[in-house]
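Colleague: one predicted model, sequence on top.
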Amino acid sequence: MAHANVWNSHPKTFGKGSRQCRVCAHRAGLIRKYNLNICRQCFREYASDIGFNKFR
């Protein structure tokens, strides 16, 4: 087996590598609370559309 075959052969079913943003497919800065699965950048963009209000 060559290195390229081994590199992605292990399934990513748990951990940070298994989750991604449902909007932009980014893997870092995920907000998983309430099963949002949106990165923080997309959350700031779509928070009012989802129904989150900023009180301060």
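Modeller: Noted; the coordinates are in hand.

Colleague: so Arg32 touches Arg19, yeah?
Modeller: Yes: when contacts are counted by CB atoms under 8 Å, Arg32 is listed as touching Arg19 (7.2 Å). Any C-beta I mention is one placed from the backbone N, CA and C, and that applies to glycine too.

Colleague: name the residue in those two with the higher neighbour count.
Modeller: Arg19 (13 against 9; other CB atoms under 10 Å).

Colleague: hmm, that one is touching Ile31, no?
Modeller: No: judged on CB under 8 Å, Arg19 makes no contact with Ile31 at a distance of 10.7 Å.

Colleague: what sits in contact with each of the two?
Modeller: Contact criterion CB atoms under 8 Å, 6 or more residues apart in numbering; residues shared by Arg19 and Ile31: Asn37.

Colleague: how about the helices in this protein?
Modeller: Using DSSP state H, the helices of the chain run over residues 3-7, 40-50.

Colleague: mind putting those helices in TSV, mean neighbour count, mean pLDDT and distance to Gly15 included?
Modeller: Below are those laid out as TSV (neighbours: other CB atoms under 10 Å; pLDDT from 0 to 100; distance: least, CB to CB, whole Å):
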stretch	mean neighbour count	mean pLDDT	distance to Gly15
helix 3-7	8	76	16
helix 40-50	13	97	19
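
Colleague: quick one: closest of those helices to Arg27.
Modeller: Smallest distance to Arg27 across those (CB to CB): 12.1 Å, for helix 40-50.

Colleague: one step back: any idea which of the helices of the chain gets closest to Val23?
Modeller: helix 40-50 (4.2 Å).

Colleague: quick check, pLDDT for Ile38.
Modeller: Looking at Ile38, its pLDDT reads 98.

Colleague: surely it meets Val23?
Modeller: Yes: in this structure, Ile38 is within contact of Val23 by CB under 8 Å, at 5.9 Å.

Colleague: the two: who's more crowded?
Modeller: Ile38 (21 against 14).

Colleague: ok, now which ones touch that one?
Modeller: 21-23, 30-31, 46.

Colleague: give the bridge partners for it, please.
Modeller: The partner list for Ile38 in beta bridges (DSSP bridges) reads Ile31.
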